[in-house]
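[1] The amino acid sequence is not available; the structure is as follows:
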């Protein structure tokens with residue numbers, strides 16, 4: 001990150017600041033299992049899920065009633081679900097949910113506990 005800032009900071013200070021100010025968020029991708037990286041292509045999976053629904057409502061000029069809109073969204077998502085790709089390494093999902101620590105995509109077996117109570 002320092003090399004990037006040195007190379008481009010003088011010419012593009014605002015653009016470099018956008019990246020360097022939120023470097024932890026930008027690199028949070030590496031806090032997940034390497035096998036899951038292919039699935040983390042977007043920061044907004046909900047938006048990607050509803051892309052089919054948004055496209056269809058544009059084509060039909062709106063769903064009509066609220067009930068018709070909900071029914072159409074449900075059926076479109078149900079249909080799209082058949083084409084969704086399965087998660088790589090599904091056994092790691094439980095570890096992620098349990099709070100396991102991953103560094104550069106690799107599971108850290110014994111992470112250092114840095115909580116104040118462990119120092120006592």
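    On my side now, so go ahead. For clarity, every value in this text was computed on a predicted model and none was experimentally measured.
[2] need the longest helix for this protein.
    As assigned by DSSP state H, the longest helix anywhere in the chain is helix 66-81.
[3] same question for that helix, mean pLDDT?
    For helix 66-81, mean pLDDT is 83.
[4] Same question for stretch 15-34.
    The model assigns stretch 15-34 a mean pLDDT of 86.
[5] So residue 84: helix, strand or coil?
    coil (DSSP: H, G, I helix; E, B strand; the rest coil).
[6] re the thing from before, could I get the buried residue list for the longest helix of the chain?
    Neighbour-count burial for helix 66-81, counted by 16 or more other CB atoms under 10 Å, picks out 72, 73, 76. All C-beta atoms are positioned from the backbone trio N, CA, C, and that covers glycine.
[7] of these, closest to residue 98?
    Distance to residue 98, by CB to CB, is smallest for residue 73 among the buried residues of helix 66-81, at 32.2 Å.
[8] Tell me, how many residues neighbour residue 36?
    Look at residue 36: counted by other CB atoms under 10 Å, it has 18 neighbours.
[9] Correct me if wrong: it contacts residue 88.
    Yes: contact status for residue 36 versus residue 88: in contact at 6.3 Å, counting by CB atoms under 8 Å.
[10] From residue 40, how far off is residue 79?
    Note on residue 79: its distance to residue 40, by CB to CB, to the nearest Å, is 24 Å.
[11] which element is residue 5 on?
    In the assignment (DSSP states H and E), residue 5 maps to helix 2-8.
[12] Tell me which other helices or strands that helix touches.
    Applying 3 or more CB pairs under 8 Å, 6 or more residues apart in numbering; DSSP states H and E, one finds that helix 2-8 makes contact with helix 13-21.
[13] Tell me which residues are up against the helix it packs on.
    1, 4, 5, 8, 9, 26 (CB atoms under 8 Å, 6 or more residues apart in numbering).
[14] Contact partners for the fourth one?
    It stands for residue 8. With CB under 8 Å, 6+ apart, residue 8 has these contacts: 15, 16.
[15] now it: how far from residue 22?
    16 Å.
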